[in-house]
Each structure stands twice: as C-alpha cells, then as structure tokens.
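Q: show me how the following folds:
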Amino acid sequence: MNENLTRNPPLPAADADGAAIASVFAAFLFPPLAIFLGRVSRQQARQRGLRPSPVANLGYLLGWLLTVAWIVLFFMLLAAASGNPLPAPCSTASPGYPYC
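A: Purely as a prediction, here's the structure:
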C-alpha cells in the first residue's frame, strides 16, 4: 500500500454552499459570474481545510467553457456580419473559367 495514503488521508469534500450552487445557475445566464462564484466557493472550502465540492468545480468549469464558447460565437457572428461574403464558386459556364 502507498505510504502517502496512510500518512495523509484524503480531505473530505465540502458541502455545496450557496456560491457553488449559484455558480452552476450563473454559468447559463452570465458565465463570467459563474467563474467568480465557483472560485469563491473553492477558496472558502480550502480555507476550512476541505476539498472543494463537486458542485463548485462544476460551476467553475462550466463558467470557463461557456465563456470561451460565447467569445468564439461572438467573433463568428462578427465575421459573418462584416459584409464580406465568400466568393461565389466558379462554374464551367463562367466566362473566365478556369481562372475565375
């Protein structure tokens, strides 16, 4: 058996507090707020000598993933609305074929 496990047993997980639960809900409404609330909940658990709750970890992770997704979506919509459509494909009926 591993000696570290006998000397240092794993810390118990913290219960899901209000900030952890709010971070999961905030992830779908305003993801940067979920990052903040998940981080606060994780820090509070560590200050009490506990592992962060899985709910806090979920809110923190969802906050980051959805923030990145919103940023990517924003830039995709910005590129689509820029007014520079893709050029039309050439056809064999085009006057400049094959150099159109």
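Q: OK, contacts around the most centrally placed residue in the chain?
A: When Cα atoms, centre = their mean is applied to the chain, the residue found nearest the centroid is L65 (1.3 Å). Neighbouring residues of L65 by Cβ atoms under 8 Å, 6 or more residues apart in numbering: there are none. Glycine gets a C-beta too; all of them are placed from N, C-alpha and C.
Q: per-residue confidence for it?
A: Here the pLDDT value assigned to L65 is 97.
Q: and the helix or strand that contains it, which residues are buried?
A: Assigned by DSSP states H and E, L65 belongs to helix 54-80. Neighbour counts using 16 or more other Cβ atoms under 10 Å place 55-64, 66-67 of helix 54-80 among the buried residues.
Q: need those residues in JSON lines (columns: distance to D17).
A: What follows is the buried residues of helix 54-80, written out as JSON lines (distance: Cβ to Cβ, whole Å):
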{"residue": "V55", "distance to D17": "8"}
{"residue": "A56", "distance to D17": "8"}
{"residue": "N57", "distance to D17": "13"}
{"residue": "L58", "distance to D17": "13"}
{"residue": "G59", "distance to D17": "11"}
{"residue": "Y60", "distance to D17": "13"}
{"residue": "L61", "distance to D17": "17"}
{"residue": "L62", "distance to D17": "17"}
{"residue": "G63", "distance to D17": "16"}
{"residue": "W64", "distance to D17": "20"}
{"residue": "L66", "distance to D17": "21"}
{"residue": "T67", "distance to D17": "22"}
